[in-house]
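Asks: Sequence first, predicted coordinates after that:
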Amino acid sequence: MKLRSMFRGWHAGVTALALVIAAGPAWAIGIEDIVDGGNDYTWETVEVPGTLCSNGSQYRFFAYDSPTSNNLLIMFEGGGACWDYPSCSGQTGILGAANPNGIAPDYITQFQAQYVSPLVNGADPGIPFRPLNPIATNGWDVVYMPYCTGDTHVGNNVVTYNDPAGQNPPIVFRHVGFNNTVAALDWLATRFPSVNKLLINGFSAGGVASSAVFYEARRTLQPAKGYLLNDSGPIFSAPSPGSNSRPLHDTITAQWNLQSLYNELPAAFDPDDFGSINAMLAVEFPTDQLAYTGYSSDFNFSRFSYERFYPGIDMAGILQKWRQDQAVLIDILDDYPNYSFHVPWHRPINDSHCSTIITFIGSHACPTVRKKKWWEVWQWPWSQSWKCPSGFTPIETFLDQWLIQDQQKRIVEPENYYNNEDPGMQIVGPLINAALAGG
């Protein structure tokens, strides 16, 4: 969920690499050549009266009207969440909420918004020696929804959080993301009155939003056809008090007042199980294309789900619960013909969190990946002890087949560490992770 600190370091890291390359003979490469993910859109800054960030400042989002398309992508930004004083004050570090000081008027041109999403930019960026690659959303209308309310864009509550230690003044925190989202959708219905394909997408906390507000977006904008892509913000099933994700769901339902969201959903949604929203969407929109992507080894979002609710739980315990919940989710999605899923096992970038941000390197998936047999060790690539007999599906291929060709695509990759032995990942991964750490 946490990305805001990542971009300051990532920016510095790629800039440093650019300088190293530029120092070589005949090289003169800047950051835009290393991370080719930016865009030159003419963005419209939108400020709907009554929309707010957590600190009471004006909420703003950004829209781009393509001259060549009436397909529309709405991207919900990720960046943590909070529900008590430690997390909303920043004491929990990365397990907190993004943009507590609001959204600047030039936010869309800042590094995070400009480079985070290949889907927004219509291209997978060219990392060193890898060319810019146009993808399925190239040329689309785009709406970028920044995140500043700590509630995955779906809360409706103003809460005063008191310091348990009594050392700092209270925090008045506006969890008003759902009001912002509804107001934005109403504005967009006028701005984009005729939508062909509507893709609701988000990563991390924004992934939660993509599933949670798809029903509202679909009925407000009334596109010819709807698409949902939730990247690493799964709303897991939690029907009973003993369910792994139930403590999280009970907490945020109360603190964020999710009842406001629930009241807008049809009878197929069970308010006693937030995760029932997945099946509800499949039933309500049987001709739409819905999809989930995320890593089985995600050690970022999984920490939000379990770390603070199961004292003493370690990394192995967190990932065990994550994989249990994700397996249940996949079983649910598997029952509906309009659901697809692309679930790689592991990527040594950003703690295996998010498949569609920054770069698609390492976001491929293989349903049959395994260790090489002894007689296969000389097969190319020689550096690999892993093999995919059935062939890898890059996520850009998944997107093309799912979004453009309307094909159902389903891959859940077995345990493997192919990416750890990939020569390109060995170069790019440490650079990115050093940037994440601020190095």
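Replies: Perfect, thanks for sending it.

Asks: Show me the helices in the stretch 101-250 of the chain, by range?
Replies: Taking DSSP state H, counting those that start in this stretch as the criterion, the stretch 101-250 of the chain contains helices spanning 111-115, 118-121, 177-191, 205-212, 214-221, 246-255.

Asks: Poorly predicted segments of the stretch 251-400 of the chain, please.
Replies: Applying pLDDT under 70 to the stretch 251-400 of the chain flags no residue at all.

Asks: and A327, that's in a helix?
Replies: Yes - with DSSP: H, G, I helix; E, B strand; the rest coil as the criterion, A327 is located in a helix.

Asks: That one and Q320, how far apart?
Replies: Distance, A327 to Q320, by C-beta to C-beta, to the nearest Å: 11 Å. C-beta coordinates here come from the backbone N, C-alpha and C atoms, glycine included.

Asks: and what of A81?
Replies: Counting by C-beta to C-beta - A81 and Q320 are separated by 22 Å.

Asks: How about Q405?
Replies: 36 Å.

Asks: repeat for M280
Replies: Distance from M280 to Q320, by C-beta to C-beta: 28 Å.

Asks: Neighbour count for those two, which is higher?
Replies: Between M280 and Q320, counted using other C-beta atoms under 10 Å, the more crowded position is M280 (19 against 15).

Asks: Endpoints of stretch 45-56, how far apart?
Replies: Distance across stretch 45-56, first residue to last, is 18 Å (C-alpha to C-alpha, to the nearest Å).

Asks: which residues are contacting it?
Replies: Stretch 45-56 has contacts (C-beta atoms under 8 Å, 6 or more residues apart in numbering) with 58-63, 88, 97, 99-103, 105, 108, 148-150, 172-176, 179-180, 183-184, 186-187.

Asks: Now with 7 Å, please.
Replies: By C-beta atoms under 7 Å, 6 or more residues apart in numbering, the residues outside stretch 45-56 that reach it are 58-63, 97, 99-103, 105, 148-150, 173-174, 176, 179-180, 183-184, 187.

Asks: Also stretch 329-338?
Replies: Contacts of stretch 329-338 (C-beta under 7 Å, 6+ apart): 234, 236-237, 278-279, 282, 286, 288-290, 292, 339, 341, 343, 408, 412.

Asks: coming back round to it: just the buried ones among the contacts of stretch 45-56, please.
Replies: 59-63, 97, 99-100, 102-103, 148-150, 173-174, 176, 179-180, 183-184, 187 (16 or more other C-beta atoms under 10 Å).

Asks: What about the residues you listed, which are in strands?
Replies: Counting by DSSP state E, those place F61, F62, A63, F173, R174 in strands.

Asks: Spatially, which two of the residues you listed are the most separated?
Replies: Largest separation among those by C-beta to C-beta: A63 and F173, giving 27.1 Å.

Asks: Spell out the residue ranges of the helices in the stretch 301-439 of the chain.
Replies: 301-306, 315-333, 395-399, 423-436.

Asks: Using TSV, please lay out these together with distance to D272.
Replies: Shown next, in TSV, are the helices of the stretch 301-439 of the chain (distance: least, C-beta to C-beta, whole Å):
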stretch	distance to D272
helix 301-306	18
helix 315-333	16
helix 395-399	33
helix 423-436	37
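
Asks: can you tell me which of these comes nearest to T137?
Replies: helix 395-399 (7.7 Å).

Asks: helices and strands around the closest one, which ones?
Replies: Contacts defined by 3 or more C-beta pairs under 7 Å, 6 or more residues apart in numbering; DSSP states H and E place helix 395-399 against no helix or strand at all.

Asks: List the buried residues in that helix.
Replies: For helix 395-399, by 16+ other C-beta under 10 Å, it's I395, E396, T397, F398, L399.

Asks: residues touching P234, list them.
Replies: P234 is in contact with Y292, G294, Q326, L329, counting by C-beta under 7 Å, 6+ apart.

Asks: CSV please, covering those residues and showing neighbour count.
Replies: CSV is the format used below for the contacts of P234 (neighbours: other C-beta atoms under 10 Å):
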residue, neighbour count
Y292, 26
G294, 28
Q326, 21
L329, 21
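
Asks: For W382, state which of the residues you listed is nearest.
Replies: Of the contacts of P234, the one sitting nearest to W382 (C-beta to C-beta) turns out to be G294, at 30.9 Å.

Asks: Surely W43 is in contact with Y64?
Replies: Yes - in this structure W43 lies within contact range of Y64 using C-beta atoms under 7 Å: 5.6 Å.

Asks: residues touching N138, list them.
Replies: G122, A123.

Asks: Mind pulling up the pLDDT for it?
Replies: pLDDT for N138: 95.

Asks: Tell me, how many residues neighbour E284?
Replies: The tally of other residues near E284 (other C-beta under 10 Å) stands at 16.

Asks: Tell me the buried residues in stretch 364-381?
Replies: By neighbour count on 16+ other C-beta under 10 Å, the buried set for stretch 364-381 is H364, A365, C366, P367, V369.

Asks: who's in contact with Y161?
Replies: D84, Y85, C88, P170, I171, F173.

Asks: Now it: closest residue in space that isn't a chain neighbour?
Replies: Y85 (4.1 Å; C-beta to C-beta, 6 or more residues apart in numbering).

Asks: Please report how far the one you found lies from R370.
Replies: For Y85, the distance to R370 - C-beta to C-beta - is 48 Å.

Asks: Please apply the same query to E284.
Replies: From E284 across to R370, the span is 39 Å (C-beta to C-beta).

Asks: what's the answer for Q58, then?
Replies: Separation of Q58 from R370 (C-beta to C-beta): 53 Å.

Asks: Equivalent analysis for A327, please.
Replies: 19 Å.

Asks: Show the backbone phi and psi for the nearest residue to T68 once chain neighbours are set aside.
Replies: Residue nearest to T68 in three dimensions, not counting chain neighbours: G139, with 5.0 Å by C-beta to C-beta, 6+ apart. Main-chain torsions, G139, degrees, to the nearest 10: phi 90, psi 0.

Asks: In contact with G122, which residues?
Replies: Contacts here follow C-beta under 7 Å, 6+ apart; on that basis G122 touches P134, I135, T137, N138, G139, W140.

Asks: run the last query once more with 10 Å
Replies: 37, 39, 41, 66, 69, 73, 132, 134-140, 142 (C-beta atoms under 10 Å, 6 or more residues apart in numbering).

Asks: Narrow the residues you listed to those in strands?
Replies: L73, P134, V142.

Asks: Measure how buried the second one is and give me the count.
Replies: The reference is to P134. Per other C-beta under 10 Å, the neighbour tally for P134 reads 13.

Asks: Assess the claim that it and A123 are in contact.
Replies: Yes - using C-beta atoms under 10 Å, P134 makes contact with A123 at a distance of 5.1 Å.

Asks: what residues are shared contacts of the two?
Replies: Between them, P134 and A123 share the contacting residues E396, judged by C-beta under 10 Å, 6+ apart.

Asks: Many thanks, I have nothing further to ask.
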